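Participant: attaching a predicted model along with its sequence, questions to come.
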Amino acid sequence: MLTRRIIPCLDVTGGRVVKGQSFLNLRDAGDPVALAKFYYEQGADELAFLDITATVESRKTMASIIAELSKYVFMPLTVGGGIRTIADMREMLLSGADKVAINTAAVARPELITEGAIKFGSQCIVVAIDAKRSGEGKWVVRTHSATQASNLDAVEWAKKAAEMGAGELLVTSIDSDGHQKGYDNDLNRAISESVSIPLIASGGAGTPDHLYDALTVGKADAVLAASIFHYGTYSISQVKEFLARKGVAIRR
Ligand SMILES: O=C(O)c1ccccc1NC[C@H](O)[C@H](O)[C@H](O)COP(=O)(O)O
């Protein structure tokens, strides 16, 4: 079995890490470079950076943060937020990112997924999907930092993104995000059972049990978390010890 990955997520705006609940009420959660170095030293398997301002200016800030980080942090870096073109992807990858996450731009023009996969390799292209529960066993895709509803069913969109060449899916439950009450395992399992590319679960982590449930019940290949780590509720090593004791293949 492939080792499962623990991925801290740094949502960045104005050069600072922030954290909210269901994408709202954002609070300062620290300096991005310091936090990234801390998580690297703690044994994180990968790091995700999300530029939630997503302007031309903020993308330049993100590129300089990633360039600075790459000097100290030697684990896969995924960068997302406002990435709209091949040029945006190239800028992040040349700054030191290993993967780019595209969300709104991929919904607007799914061909961007294929173009990015052809240019840089599928392994560089993560399609981020922000999904909101819309009925029993149904989730709708929202874009623009979850401010706009689309007419896309989240499971169907995930299947299309995989067909278009995505290397990995980063699936965030808008309902669970930041509440530390657990991931939306129904959402993650529904998508994981529909695609053959890795799924990173996101949104809701509050205890090590939640991460275990996401990797088992939710059938995720990796777990992304922000609040649980930024607020120091649990350390990465505590989470990894817990998962290893439960028999999960984890890198230590
Ligand atoms: O994705 C966005 O555009 C966005 C915008 C504003 C605030 C948060 C956002 N995303 C939520 C992040 O992906 C968040 O770090 C993950 O969902 C993990 O959240 P936790 O529930 O705190 O582990």
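Facilitator: Sure thing, it's come through.
Participant: elements contacting the lengthiest strand in the chain?
Facilitator: Under DSSP state E, the strand in the chain containing the largest number of residues is strand 125-135. Helices and strands touching strand 125-135, as assessed by 3 or more Cβ pairs under 8 Å, 6 or more residues apart in numbering; DSSP states H and E, comprise strand 77-80, strand 99-102, helix 111-120, strand 138-143, helix 154-163, strand 168-173, helix 185-192. Heads up, the C-betas are built off the backbone N, CA and C, glycines and all.
Participant: Ile86: which of those is closest?
Facilitator: helix 111-120 (5.8 Å; Cβ to Cβ).
Participant: residues of that closest one that come out buried?
Facilitator: Leu112, Ile113, Glu115, Gly116, Ala117, Phe120 (16 or more other Cβ atoms under 10 Å).
Participant: burial measure for Val248, as a count.
Facilitator: By the measure other Cβ atoms under 10 Å, the count of residues near Val248 is 16.
Participant: how close does it get to the ligand?
Facilitator: As judged by Cβ to the nearest ligand atom, to the nearest Å, Val248 and the ligand stand 18 Å apart.
Participant: what does Leu112 give?
Facilitator: Distance, Leu112 to the ligand, using Cβ to the nearest ligand atom: 17 Å.
Participant: need the pLDDT of that residue.
Facilitator: With respect to pLDDT, Leu112 scores 98.
Participant: OK, contacts around it?
Facilitator: Leu112 sits next to Arg84, Thr85, Ile86, Ile102, Ala105, Ala106 when contact means Cβ atoms under 8 Å, 6 or more residues apart in numbering.
Participant: Gly206 now?
Facilitator: His179, Gln180, Lys181, Gly182, Ser227, Ile228, Thr233.
Participant: and if we set it to 10 Å?
Facilitator: Gly206 is in contact with 176, 178-183, 225, 227-228, 231, 233-234, counting by Cβ atoms under 10 Å, 6 or more residues apart in numbering.
Participant: please apply the same query to Ala249.
Facilitator: For Ala249, the contacting residues are Met1, Leu2, Thr3, Arg4, Leu215, Leu243, by Cβ under 10 Å, 6+ apart.
Participant: filter the residues you listed down to just the ones in helices.
Facilitator: Among the contacts of Ala249, the members found in helices (DSSP state H) are Leu215, Leu243.
Participant: Thr172 touches Val126, doesn't it?
Facilitator: No. Using Cβ atoms under 10 Å, Thr172 makes no contact with Val126, being 11.7 Å away.
Participant: need the overlap of contacts for the two.
Facilitator: Asn103, Ile200.
Participant: now render the contacts of Gly206 as JSON lines, adding secondary structure, distance to Gly203 and pLDDT.
Facilitator: Below are the contacts of Gly206 laid out as JSON lines (DSSP: H, G, I helix; E, B strand; the rest coil; distance: Cβ to Cβ, whole Å; pLDDT from 0 to 100):
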{"residue": "Ser176", "secondary structure": "coil", "distance to Gly203": "4", "pLDDT": "97"}
{"residue": "Gly178", "secondary structure": "coil", "distance to Gly203": "8", "pLDDT": "94"}
{"residue": "His179", "secondary structure": "coil", "distance to Gly203": "8", "pLDDT": "96"}
{"residue": "Gln180", "secondary structure": "coil", "distance to Gly203": "10", "pLDDT": "96"}
{"residue": "Lys181", "secondary structure": "coil", "distance to Gly203": "10", "pLDDT": "98"}
{"residue": "Gly182", "secondary structure": "coil", "distance to Gly203": "10", "pLDDT": "98"}
{"residue": "Tyr183", "secondary structure": "coil", "distance to Gly203": "6", "pLDDT": "98"}
{"residue": "Ala225", "secondary structure": "strand", "distance to Gly203": "9", "pLDDT": "97"}
{"residue": "Ser227", "secondary structure": "helix", "distance to Gly203": "10", "pLDDT": "94"}
{"residue": "Ile228", "secondary structure": "helix", "distance to Gly203": "11", "pLDDT": "96"}
{"residue": "Tyr231", "secondary structure": "coil", "distance to Gly203": "15", "pLDDT": "90"}
{"residue": "Thr233", "secondary structure": "coil", "distance to Gly203": "15", "pLDDT": "92"}
{"residue": "Tyr234", "secondary structure": "coil", "distance to Gly203": "17", "pLDDT": "96"}
